[in-house]
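>>> kindly generate the corresponding structure for this input.
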Amino acid sequence: MYYLSLLCWLFIMHDDGVVLKKDGQRGHVRIVRHGDSSAETDTLHVSQQDTSIFRRVEHIAARPCSKPELVQRYELIAPKDGVYYFIYNAKEQLVLEGIFSANFTYEGVSYKEGNFYHSKRYMYKKNGNLEAIYIQEDGRNKTAAFYNSKKQVISIRYFDKKSGDTEKIERYKNGRLKETRIYSSFNTYRTMRVGDSEYRLQDVSSY
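Numbering: from 1, shown residues only. Here you go, the predicted structure:
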């Protein structure tokens, strides 16, 4: 089975969790081409509600300091190697896009379990507005961007690919960069604020 290797707070998905199983048959979906003639990629647009492509599984999720709750995830049946997937939920919202790789090698280490090693996951608020976009590259966290009700980015968190630690956080106001927090350790960063004509640096400890 496939689980995105994002941070722990991304594992609890009420409606849009996606996993893979290599059994069953793929349903009828529309296949198109994108890219130039030298790098074409098959693309599939699929819905989690299509029972010929997805299997819905419910389970009880327990989190620290919270009551157990019923969570559902979706198992993608018979994923196609080398195909770029666009996966939509019941509200026709895009929840995941990325290329599926049956095998993957990163820095000399081979991974035999199929996965979306390069992907974007979209999270939404209860009112349907976009909340966040999480990007993985080479199977590792790259960025997490968060949005306000006006669909403007309010912050972007950048991760170190090897350690998974936060490298920096960019904070925005009205769609424009306001300040950048550059981390030297887990709980220590320096703030680079955007002034009228220059950046001002301060050493600040995060809380």
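>>> domains for the chain, by residue range?
Taking automatic domain parsing as the reference, the chain has its domains at 1-122, 125-207.
>>> so where is this structure shaky, pLDDT-wise?
1-40, 195-207 (pLDDT under 70).
>>> try it again with 80
1-41, 62-66, 195-207 (pLDDT under 80).
>>> now the domains of the chain in JSON lines, with mean neighbour count?
Just so you know, the C-beta spots here come from the backbone N, C-alpha and C atoms, and that holds for glycine as well. Listed next are the domains of the chain as JSON lines, based on neighbours: other C-beta atoms under 10 Å:
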{"stretch": "domain 1-122", "mean neighbour count": "15"}
{"stretch": "domain 125-207", "mean neighbour count": "14"}
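>>> name the residues that touch stretch 172-189?
Stretch 172-189 has contacts (C-beta atoms under 8 Å, 6 or more residues apart in numbering) with 152-156, 165-171, 190-194, 204-206.
>>> compute the first-to-last residue distance for it.
17 Å (C-alpha to C-alpha, to the nearest Å).
>>> repeat for stretch 64-72
Using C-alpha to C-alpha, the end-to-end distance of stretch 64-72 comes out at 19 Å.
>>> go on, stretch 146-154?
6 Å.
>>> what sits up against that stretch?
129-133, 145, 155-156, 171-175.
>>> how far does that stretch sit from its chain's centre?
16 Å (C-alpha atoms, centre = their mean, to the nearest Å).
>>> tell me how far residue 59 lies from residue 72.
Relative to residue 72, residue 59 is positioned 8 Å away (C-beta to C-beta, to the nearest Å).
>>> how much space separates the closest residue in space to residue 62 that isn't next to it in sequence from residue 134?
Excluding its sequence neighbours, the residue lying closest to residue 62 (C-beta to C-beta, 6 or more residues apart in numbering) is residue 68, at 4.6 Å. Distance of residue 68 to residue 134, computed by C-beta to C-beta: 25 Å.
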